[in-house]
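A.B. asks: make a model of this:
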Amino acid sequence: MCVGLPARVMKIDGGRAVVDASGAQKEISSELLSDLEPGDYVMVHAGIAIAKIGSDDMSESDQILDSLL
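C.D. replies: Next up, the predicted model:
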């Protein structure tokens, strides 16, 4: 099973982005998504932004993760 984590894009520099995932900031690859801007939400898997998501999706993912922990 693959698990993706939702994160908010904080900064973009070329094909790299800094994201915030529940308070933890991490640098990831953003090369798969060409239209990212700071403030966007993405799904991150294995250090790569794999999909752009909406803020509602982010909230729902956070609630599910909180219930599991």
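
A.B. asks: contacts, neighbours, all on C-alpha from now
C.D. replies: Noted.

A.B. asks: what's the lengthiest strand in the chain packed up against?
C.D. replies: Ranked by residue count under DSSP state E, the longest strand found in the chain is strand 5-13. Strand 5-13 sits against strand 16-21, strand 41-45, helix 55-68, with contacts defined as 3 or more C-alpha pairs under 8 Å, 6 or more residues apart in numbering; DSSP states H and E.

A.B. asks: go with 6 Å
C.D. replies: Strand 5-13 is packed against strand 16-21, strand 41-45, with contacts defined by 3 or more C-alpha pairs under 6 Å, 6 or more residues apart in numbering; DSSP states H and E.

A.B. asks: buried stuff in it?
C.D. replies: 5, 6, 7, 8, 9, 10, 11, 12 (16 or more other C-alpha atoms under 10 Å).

A.B. asks: repeat that for stretch 26-40.
C.D. replies: Neighbour counts over stretch 26-40 (16+ other C-alpha under 10 Å) mark 27, 28, 29, 30, 36, 40 as buried.

A.B. asks: is it true that residue 36 lies in a strand?
C.D. replies: No. Assessed with DSSP: H, G, I helix; E, B strand; the rest coil, residue 36 is coil; it does not lie in a strand.

A.B. asks: separation between it and residue 44?
C.D. replies: Distance, residue 36 to residue 44, by C-alpha to C-alpha, to the nearest Å: 13 Å.

A.B. asks: what's opposite residue 29 in the beta bridge?
C.D. replies: In this structure, residue 29 bridges to residue 16, residue 48 when assessed by DSSP bridges.

A.B. asks: isn't it up against residue 48?
C.D. replies: Yes. The pair residue 29 / residue 48 is scored as a contact, 4.7 Å apart, by C-alpha atoms under 6 Å.

A.B. asks: no further questions, thank you.
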